[in-house]
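Asks: sharing a model that was predicted from the sequence below.
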Amino acid sequence: MSLPTTKRVNSAMLQNCIGETVRFVGELKSRQHPVAVFLASDKGSVTVVMNETSQYGTKFVEVIGTVNPDRSITEMISTNFGDDFNMETYDAMIRKAQKFPSVF
Amino acid sequence: MSNYNKGGYSSSQGQGFVQDSFGNDAAAPKRTYIHTLRPVTIKQIMGATQTQADGDFKIDGQDIGQVTLVAAVRAINQASTQNIYMIEDGTGVTDAKKYPSDHDDTDEISSIILGAYVRIVGTVKNFNQKQYIQVHSIRPIINMNELTYHNLEVLTVHVSATRNKMGGHGAPSSSSSTYGQHHNSMHGVTSTDTHMRGGNDDVANSISDFIDNHPGKESGVGAHRRDIIAAFAQRLGGEHKVNEMLKAMEDDGHLYVTEDDDHFNTTH
């Protein structure tokens, strides 16, 4: 499988990524098929349209998917990120990374 | 480029170059072993430059030895001689090739499955015009904070590498004739990086320029504090701010006091 390049985003960045494939890490808050609601690293709420193969096993999950016009994400693939993940540092990192497009 | 001692080891400052001498060096080119480990993204690897075919790679103008990265495994190909992992980290895709070794932790290797994030240390190689990584070590990431850590480390090293290349204010100058050029290029660079350093570099440079252009520079006495205050108080927001700045520049080694505590000269 060949993935396109994906930017790491929080809830505020979704607005500028409509139609793009992004990487989103969130804290799983609720799940009701076919959608799940996550808390983003900037404390915003993000809806993810789940995949048939979605296996959210831990508190934090990384979802790679495309951003819909309503700023929800349609999942392509997800990865468990564990129960111990620092969202504040992660948020600071993705915001800094945005300023260096030559590297990220 | 410093001269290396023949018949012995020497290192150049800051880069950790160690050069082996292979005796008679009349015809054979010296092989330089670069013992640095650089955190990178796949994008940086794919964009690495090579001055000559089969030569060393450079990222941000710096020769790279080994690289370390964090990426997700998207395909595994267990070929006869080596395992090939197709990895991606959001910035690009590449192959990481690993020869089996007696030192391998087989449990660890078998826990590297599709979708797993891994930490890789290896060397950048080229095949058919495309970069790949020859893996020295590969292990699964247990705590995902390591991903955040890695990205932050990549940024830190990148900023440090690109800032020094521009001849930043704290970097050693090679000669006084090029100092003027370093100064000018610094002004062009700081605008992109001021969010990291709070924009102080522009003012520090201006103060250094002021002293360099001051009549007192030639005699070595430098500029008097009151002249510097008169020139910069408004821009910095007060006499005390100028004094703070002068103290900071003196602490950092950019300025020194001459005949008394009120005369400042630049160190280079």
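Replies: Noted; the coordinates are in hand.
Asks: which residue lies nearest the spatial centre of the chain?
Replies: No chain in the question, so chain A it is. Residue closest to the average C-alpha location in chain A (C-alpha atoms, centre = their mean): A:Phe24, at 1.4 Å.
Asks: the intended chain is chain B.
Replies: For chain B, the residue nearest the mean C-alpha position is B:Ala161 (2.4 Å; C-alpha atoms, centre = their mean).
Asks: just the element for it, please.
Replies: Element membership for B:Ala161 (DSSP states H and E) is helix B:145-165.
Asks: residues contacting that helix, please?
Replies: With contact meaning C-beta atoms under 8 Å, 6 or more residues apart in numbering or on different chains, helix B:145-165 is reached by A:84-86, A:89-90, A:93, A:96-97, A:100, A:103-104, B:38-41, B:44, B:59-62, B:68-70, B:117, B:119, B:141, B:171, B:189, B:193, B:196. From N, CA and C alone the C-beta is placed, and that goes for glycine too.
Asks: and it, how far from the chain's centre?
Replies: 9 Å (C-alpha atoms, centre = their mean, to the nearest Å).
Asks: give the buried residues for that helix.
Replies: Going by neighbour count (16 or more other C-beta atoms under 10 Å in any protein chain shown), the buried part of helix B:145-165 is B:145, B:147-152, B:154-155, B:157-159, B:162-164.
Asks: and it, C-alpha only, in CSV?
Replies: The C-alpha coordinates for helix B:145-165 follow below in CSV (Å, rounded to 0.1, in the frame of the first residue of the first chain):
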residue,chain,number,x,y,z
ASN,B,145,5.7,9.7,23.1
GLU,B,146,8.9,8.6,21.4
LEU,B,147,7.3,9.8,18.1
THR,B,148,6.7,13.2,19.5
TYR,B,149,10.2,13.3,20.9
HIS,B,150,11.7,12.3,17.6
ASN,B,151,9.9,15.0,15.6
LEU,B,152,11.0,17.6,18.1
GLU,B,153,14.6,16.4,17.9
VAL,B,154,14.5,16.5,14.1
LEU,B,155,13.3,20.2,14.3
THR,B,156,16.0,21.1,16.9
VAL,B,157,18.8,19.6,14.9
HIS,B,158,17.5,21.1,11.6
VAL,B,159,17.3,24.6,13.1
SER,B,160,20.8,24.2,14.6
ALA,B,161,22.3,23.0,11.3
THR,B,162,20.7,25.7,9.2
ARG,B,163,21.4,28.5,11.6
ASN,B,164,25.1,27.7,11.9
LYS,B,165,25.4,27.5,8.1
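Asks: show me what the mean pLDDT comes to for it.
Replies: For helix B:145-165, mean pLDDT is 92.
Asks: what of stretch B:79-86?
Replies: Here the average pLDDT along stretch B:79-86 is 93.
Asks: look at it and report the distance between its end residues.
Replies: One end of stretch B:79-86 to the other measures 13 Å (C-alpha to C-alpha, to the nearest Å).
Asks: just stretch B:141-148 next, same as before
Replies: Terminal residues of stretch B:141-148 lie 12 Å apart, using C-alpha to C-alpha.
Asks: report whether the longest strand anywhere in chain A contacts chain B.
Replies: Secondary structure of chain A per DSSP state E: the longest strand is strand A:21-32. Yes: interface with chain B: strand A:21-32 contributes A:Arg23 (C-beta under 8 Å from any C-beta of the partner chain).
Asks: alpha carbons of the helix or strand that that strand is followed by, as CSV, please.
Replies: Next in sequence after strand A:21-32, counting helices and strands by DSSP H and E, comes strand A:35-39. As requested, the backbone C-alpha atoms of strand A:35-39 are provided in CSV (Å, rounded to 0.1, in the frame of the first residue of the first chain):
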residue,chain,number,x,y,z
VAL,A,35,-18.9,7.2,13.8
ALA,A,36,-16.5,7.8,16.8
VAL,A,37,-15.9,11.0,18.6
PHE,A,38,-12.4,12.0,19.6
LEU,A,39,-10.8,14.8,21.7
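Asks: for strand A:35-39, packing partners?
Replies: When contacts are defined as 3 or more C-beta pairs under 8 Å, 6 or more residues apart in numbering or on different chains; DSSP states H and E, strand A:35-39 packs onto strand A:21-32, strand A:45-49.
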